[in-house]
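> Sequence first, predicted model second:
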Amino acid sequence: MIDILGTGLTLDSYDWSRPSFKWGLSQYLGAYKGEINLYFAMHEDQSKGIDNEIGLESYPLKEIQEWSGSSYFTSSTAYMIAYAIYTGEKEIHLFGIDMENKEEYKEQRSCVAYWIGFGLSRGIKVTTATGLTEPPYIYGYDTKRLDKMTEALENRISACNVKAKETTDKEQQQWLGAGFAYSKVIEQIRS
C-alpha cells in the first residue's frame, strides 16, 4: 500500500501511523510531520541528493511510456501514480493532493485523474482525500449536483478559515482569500 503525500489541506487529516509506504515530494523535505520512505524530485532544482529519492535521472520514464503507451505527465503527482502502477502496487492512496487552489492545477488535475483511471482500469484500488475520483455529478441523471457542489465548497471555506486561524500575515490572507473566492462561487451557483 502506497500513500502519496502532497501538502494540500487534506494532509492535515492524514494518520501518520498508517501501516503504509509513504511517498512525498523532495521540495518539501522537512515539511512533512512524519517519515517519508521515498521522495520524488521531478524538477531539476528540487533534488536534495538524498538516498531515498527518485529524480529526473533515475525515473524510468521511457520504460513507463512504452509499458503504458502514454506520455501524459503534467505533474510530479502523475509521475508518482504512474510509477506506483508500473511497480505493481495494488493500493494507492492520495493525501494532500487537493489540486484546487492554483491556476497550474487546471492542467495537472486532469492528468492526475487520467493516471487514477489508468490504475482503476487495472484493478488497482485508488482512493483520494478529495473528490479527484468522484464526478461532480452524473450527467443526465443527477439533478442534485449543485447541492453537492455547494456543500463541497462550504467544507472548503471551513477548512480555509481553520487554516487562516493557524497562520499569520500573508499566509493568513491567502487562506482568507481562498475562502472568499469559494463563497463567490457559491453565490454564483445560487443565483
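The structure has been received and is ready for your questions. Numbers count the residues shown, from 1 in each chain.
> Helices along the protein, start to end?
Here the chain has its helices, by DSSP state H, at 61-68, 76-86, 105-121, 145-166, 169-190.
> closest to Ser13 out of the ones you listed?
Closest to Ser13 of the helices of the chain is helix 145-166 (Cβ to Cβ; 9.6 Å). (Each C-beta comes from the backbone N, C-alpha and C, glycine too.)
> Buried residues in that closest one, which are they?
Applying a neighbour-count criterion of 16 or more other Cβ atoms under 10 Å, one finds 149, 152-153, 156-157, 159-160, 163-164 buried in helix 145-166.
> can you give me the offset of stretch 141-150 from its chain's centre?
Distance of stretch 141-150 from its chain centroid, counting by Cα atoms, centre = their mean, to the nearest Å, is 23 Å.
> State the distance from Gly55 to Leu146.
43 Å (Cβ to Cβ, to the nearest Å).
> In this protein, where is pLDDT below threshold?
For the chain, applying pLDDT under 70 flags the ranges 101-104, 136-137, 139-140, 142-143.
> Break it down into its domains, please.
Domain segmentation of the chain under automatic domain parsing yields 2-133, 145-190.
> Tell me which of those domains is the most buried.
Most buried of the domains of the chain, by mean neighbour count (mean count of other Cβ atoms under 10 Å): domain 2-133, with a mean of 17.
> How far does that domain stretch from one end to the other?
17 Å (Cα to Cα, to the nearest Å).
> Who are the contact partners of the spatially most central residue of the chain?
A centroid search over the chain (Cα atoms, centre = their mean) returns Ile97, at 1.6 Å, as the residue closest to the centre. Applying Cβ atoms under 8 Å, 6 or more residues apart in numbering, we find Ile97 in contact with 4-6, 8, 10, 77, 112, 128-130, 132.
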